[in-house]
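Participant: quick one: sequence and predicted model below, then my questions.
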Amino acid sequence: MNSIQNDRVTQSIYVFLGIMLFSFFLSVQDAHAALGPAKDYKPVINPSDFSTSITNKYFSLPVGLKAESKGETEDGTETIEITVPGDTKMLMGVTTLVYRDRVWLDGELVEDTKDYLAQDKEGNVWYFGEDVKNYENGKFKDNHGSWLAGVDGALPGIWMEANPKVGDEYRQEYYKGEAEDTGKVISVSKTVSVPAGKFTDCLQTLDQNPLEPRSTDEYKYFCPQVKGFALETDIEGGERIELVKMAQPTQSGNSAEISKLQSIVQLLLQVIELLKQKAMLM
């Protein structure tokens, strides 16, 4: 083989390696990279399509639900308490359900957040924003992290898909420069062992924030046996936040009637909001 042929072979090898490296680079891009430009994100929100009755297979929120998760972090022991008190808030004409999330670090309250969620008629759970109260040394510090759909250009995103499939990617929220988290479905068949029990056929998602370093990427696991969160793992550090216990509410005849009345009231509020919007357009 002469020198010219050797050069050609060498060039071919470099081209091949270049293509392989480029393909690998594409395969490990952030989940949000395949979602398209943020400026093109314009979810259509029809208030009549939504309900505060959240019954998703992987994420159900009956009023009265209470759950506790715990884990060891580099900052100390983190304890998270979730409650669903039954309160609601109107955002973009949609009546949303309050999902209260309180966080303690070594026994000291550091965050008290109200997330606003609603389920569409297809079964997808949407995230319409959050009111955040941060605390330091036992005193209120600030509201950093708060955003509300419909305010200052903020838009709702998907908290949980109705029928997640491996490879699905979606925006969980969108408030430019402040809240841009994305999700990607990694698996729907994981087995998870935590203090609350051993669960099968769990959904695994990759949560990423393009505004933060990749070191903040995390996996979350939602299991049908508890119809909710079971585990969160920090990909880089390996820290785990595990479900410790969950108390599902028992519904008596009276509470069932109250729940029905609440649904009727929420429907009436949505109708009133729609009438107001139509009146403004006339």
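Facilitator: Thanks, I have it.
Participant: residues in contact with residue 54?
Facilitator: Neighbouring residues of residue 54 by CB atoms under 8 Å, 6 or more residues apart in numbering: 60, 61, 97, 117, 118, 119, 125. From N, CA and C alone the C-beta is placed, and that goes for glycine too.
Participant: ok, so of these, who is nearest residue 191?
Facilitator: Checking those against residue 191 by CB to CB gives residue 60 as the nearest, at 20.3 Å.
Participant: what's the closest non-adjacent residue to that closest one?
Facilitator: Take residue 60 and drop its neighbours on the chain: the residue closest to it by CB to CB, 6 or more residues apart in numbering is residue 227, 3.8 Å away.
Participant: OK, contacts around the one you found?
Facilitator: Residue 227 touches 56, 57, 58, 59, 60, counting by CB under 8 Å, 6+ apart.
Participant: out of those residues, the closest to residue 180 would be?
Facilitator: residue 59 (21.0 Å).
Participant: and the gap between that closest one and residue 241?
Facilitator: With distances taken as CB to CB, to the nearest Å, residue 59 is found 16 Å from residue 241.
Participant: do residue 129 as well
Facilitator: From residue 129 across to residue 241, the span is 23 Å (CB to CB).
Participant: which one's more surrounded, these two?
Facilitator: Counted by other CB atoms under 10 Å, residue 129 and residue 241 do not tie: residue 129 has more neighbours, with 26 against 23.
Participant: just the strands in the stretch 1-150 of the chain please.
Facilitator: 50-51, 66-73, 76-83, 88-91, 94-105, 108-120, 125-136, 139-142, 147-148 (DSSP state E, counting those that start in this stretch).
Participant: okay, those in TSV with distance to residue 202 next?
Facilitator: TSV is the format used below for these (distance: least, CB to CB, whole Å):
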stretch	distance to residue 202
strand 50-51	25
strand 66-73	15
strand 76-83	17
strand 88-91	29
strand 94-105	20
strand 108-120	20
strand 125-136	17
strand 139-142	35
strand 147-148	29
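Participant: let's have these in JSON lines, adding mean pLDDT and distance to residue 194.
Facilitator: Output for the strands of the stretch 1-150 of the chain, formatted as JSON lines (pLDDT from 0 to 100; distance: least, CB to CB, whole Å):
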{"stretch": "strand 50-51", "mean pLDDT": "98", "distance to residue 194": "30"}
{"stretch": "strand 66-73", "mean pLDDT": "97", "distance to residue 194": "8"}
{"stretch": "strand 76-83", "mean pLDDT": "98", "distance to residue 194": "13"}
{"stretch": "strand 88-91", "mean pLDDT": "98", "distance to residue 194": "30"}
{"stretch": "strand 94-105", "mean pLDDT": "98", "distance to residue 194": "18"}
{"stretch": "strand 108-120", "mean pLDDT": "98", "distance to residue 194": "22"}
{"stretch": "strand 125-136", "mean pLDDT": "98", "distance to residue 194": "22"}
{"stretch": "strand 139-142", "mean pLDDT": "97", "distance to residue 194": "31"}
{"stretch": "strand 147-148", "mean pLDDT": "98", "distance to residue 194": "30"}
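Participant: out of the ones you listed, which gets nearest to residue 168?
Facilitator: It is, among those and with distance given as CB to CB, strand 125-136, at 13.9 Å.
Participant: and the closest one, what's buried?
Facilitator: Within strand 125-136, the residues that count as buried by 16 or more other CB atoms under 10 Å are 125, 126, 127, 128, 129, 130, 131, 132, 133, 134, 135.
Participant: in this protein, which residue is most central in space?
Facilitator: Nearest to the mean C-alpha position of the chain, by CA atoms, centre = their mean, lies residue 159 at 3.8 Å.
Participant: and that one, helix, strand or coil?
Facilitator: strand (DSSP: H, G, I helix; E, B strand; the rest coil).
Participant: and it, what is it in contact with?
Facilitator: So residue 159 contacts 59, 117, 125, 126, 127, 172 (CB under 8 Å, 6+ apart).
Participant: follow-up on the earlier one: return the member of the contacts of residue 227 nearest to residue 108.
Facilitator: Among the contacts of residue 227, and counting by CB to CB, the member closest to residue 108 is residue 59, at 28.5 Å.
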